[in-house]
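Trainee: Okay, structure incoming, though there's no sequence with it:
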């Protein structure tokens, strides 16, 4: 996708510049508007040289902790970051910190330096760190952001655990069946040919599977490849992302896990944004952008517009599909007590626990189901091979 260089004004009134990757100029404008950047200039540019790859989640969490310590101690950030870079083992993180420190030494503010080097960072990072600078709560903002990043990593691991288990069992099953049909079945075929007797239907089925086993495996692999390619291609458009989400939500068990995880991430990042001093509408949009869920982003945008028009959060949240109505009630109650960040964090933990419970339930179901399916196929093959032998032995015994 093409890259666009922009100049704009942040919600706090600070001039910002940077680059953004988007399908076209309109999409770039929309993404920047969602990031609460008032665009003053936008032009397409050549793809920037790939100087540093994406910063890993662990490296970014470590950097946030160190930057929070430097800011809390009042140490000059340019000198502190240069010293930090000397002790970093990760080449990507070391180069990124060096660039950041060099920009600070050239007179840039931390906000401007981060904006100039935000490639390879989560979109939420540049927004929340700016809010922390504007509110004067940078250390607390960075530590809260770490909680969000850890949750996002935990969510990805949950999904990989759910997906990887059936895939692993499937590949092991394929290996077992490959050995069964290529090594065991041919020997029995020779024995059956010597019998010259009519074979049971289940045996004929097993022998037919042996004859077409390679075609069946190649067909299954082709279908799997096509499905994977189609699934990945859905990422490149808004409609495709919405279709992906609908598929996930429609899968038994997986849908509940997916919804709980994106709501937990939304609430956690929203708590971070509110705790950084962002107004509620902006916190809603910022929190939703961290989930990557088209439906939740749409719901959050609607809820934010209702809040901006002075309407009740509780009333507006009752008609939403992705955002739970409990959010509206919690916001109404907590805002009057100035406890909104804490309330949102507690609500996020409840959905995190629900995601963990949903994962445990999926594991409980997937294990016996996969074992039963593998056992059923093995039983089918065993019965098909040994049933003629049993019939032959019985015939010989009765003839004797």
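Mentor: Received the coordinates, thanks. Keep in mind that this is a model prediction, so the values were computed, not measured.
Trainee: For residue 275, give its distance to residue 231.
Mentor: Going from residue 275 to residue 231 by CB to CB, to the nearest Å gives 36 Å. Every residue, glycine included, has its C-beta placed from N, CA and C.
Trainee: do the same with residue 211
Mentor: In terms of CB to CB, residue 211 sits 32 Å off from residue 231.
Trainee: related to what we said a few turns ago, who's more crowded, residue 275 and residue 231?
Mentor: residue 275 (24 against 13; other CB atoms under 10 Å).
Trainee: so which helix or strand takes in the residue nearest to the more buried one when sequence neighbours are not counted?
Mentor: Once flanking residues are discounted, residue 275 sits nearest to residue 341: 3.8 Å by CB to CB, 6 or more residues apart in numbering. Take DSSP states H and E as the rule and residue 341 turns out to sit in helix 340-399.
Trainee: Tell me the buried residues in the one helix or strand residue 79 maps to?
Mentor: Using DSSP H and E, residue 79 maps to helix 77-86. Neighbour-count burial for helix 77-86, counted by 16 or more other CB atoms under 10 Å, picks out 77-78, 80-82, 84-85.
Trainee: Mind picking the one among those that's closest to residue 352?
Mentor: residue 84 (31.0 Å; CB to CB).
Trainee: Kindly provide the distance from the closest one to residue 138.
Mentor: In terms of CB to CB, residue 84 sits 16 Å off from residue 138.
Trainee: do residue 108 as well
Mentor: 16 Å.
Trainee: roughly how far out does stretch 330-345 sit from the chain middle?
Mentor: Put simply, stretch 330-345 sits 27 Å off its chain's centre (CA atoms, centre = their mean, to the nearest Å).
Trainee: contacting residues around that stretch?
Mentor: For stretch 330-345, the surrounding residues in contact (CB atoms under 8 Å, 6 or more residues apart in numbering) are 147, 267-268, 270-272, 274-275, 280, 312-314, 347.
Trainee: switch to 10 Å and redo it
Mentor: 140, 144, 147, 266-276, 280, 283-284, 287, 303, 307, 312-315, 317, 324, 327, 346-347 (CB atoms under 10 Å, 6 or more residues apart in numbering).
Trainee: which ones are touching residue 62?
Mentor: With CB under 10 Å, 6+ apart, residue 62 has these contacts: 55-56, 84, 88, 90, 93, 146.
Trainee: Let's see the PyMOL selection covering just the buried ones among these.
Mentor: Applying 16+ other CB under 10 Å to those, the buried members can be selected in PyMOL as follows:
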select buried, resi 55+84+88+93+146
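Trainee: which residue ranges form the strands in this structure?
Mentor: For the chain, strands defined by DSSP state E occupy the ranges 3-9, 15-21, 38-45.
Trainee: rank the ones you listed by pLDDT, which is bottom?
Mentor: Among the strands of the chain, strand 15-21 carries the lowest mean pLDDT, a mean of 63.
Trainee: separation between residue 174 and residue 210?
Mentor: Distance, residue 174 to residue 210, using CB to CB: 15 Å.
Trainee: got the contact list for the residue lying closest to residue 361 once chain neighbours are set aside?
Mentor: Of all residues not flanking residue 361 in the chain, residue 253 sits nearest, at 6.4 Å (CB to CB, 6+ apart). Counting by CB under 10 Å, 6+ apart, residue 253 makes contact with 162, 358-359, 361-366.
Trainee: which one of the residues you listed is nearest residue 181?
Mentor: residue 366 (25.2 Å).
Trainee: The closest one contacts residue 169, correct?
Mentor: Yes - if you go by CB atoms under 10 Å, residue 366 and residue 169 touch, sitting 8.2 Å apart.
Trainee: More neighbours: which of residue 108 and residue 138?
Mentor: residue 138 (23 against 17).
Trainee: Residue 41 is in contact with residue 5, correct?
Mentor: Yes - counting by CB under 10 Å, residue 5 does reach residue 41; the two are 8.1 Å apart.
Trainee: Tell me which of these two has more neighbours.
Mentor: The neighbour count for residue 5 versus residue 41, taken as other CB under 10 Å, is higher for residue 5 (16 against 9).
Trainee: Tell me the bridge partners for that one.
Mentor: Bridge pairing for residue 5 (DSSP bridges) gives the partners residue 19, residue 43.
Trainee: From residue 358, how far out is it?
Mentor: Taken as CB to CB, the span from residue 5 to residue 358 is 43 Å.
Trainee: Any idea how far stretch 59-72 is from the middle of the chain?
Mentor: 24 Å.
Trainee: Same question for stretch 362-380.
Mentor: That offset, for stretch 362-380, works out to 27 Å (CA atoms, centre = their mean).
Trainee: Do a quick rundown of the helices in the stretch 51-200 of the chain.
Mentor: 57-73, 77-86, 91-105, 110-116, 123-135, 138-179, 185-195 (DSSP state H, counting those that start in this stretch).
Trainee: Residue 312 and residue 85, how far apart?
Mentor: Where residue 85 is concerned, residue 312 sits at a distance of 50 Å (CB to CB).
Trainee: Residue 85 is in contact with residue 92, isn't it?
Mentor: No - the pair residue 85 / residue 92 is not scored as a contact, 11.6 Å apart, by CB under 10 Å.
Trainee: In the stretch 1-150 of the chain, where is pLDDT below threshold?
Mentor: 1, 10-21, 34-36, 46-54, 118-137, 144-145, 147-149 (pLDDT under 70).
Trainee: What pLDDT does the model give residue 361?
Mentor: 78.
Trainee: so what's it up against?
Mentor: Residue 361 touches 253, 256-257, counting by CB under 10 Å, 6+ apart.
Trainee: do residue 357 as well
Mentor: 256-257, 260.
Trainee: Flag the least confident of those.
Mentor: For these, the pLDDT minimum is residue 257, 80.
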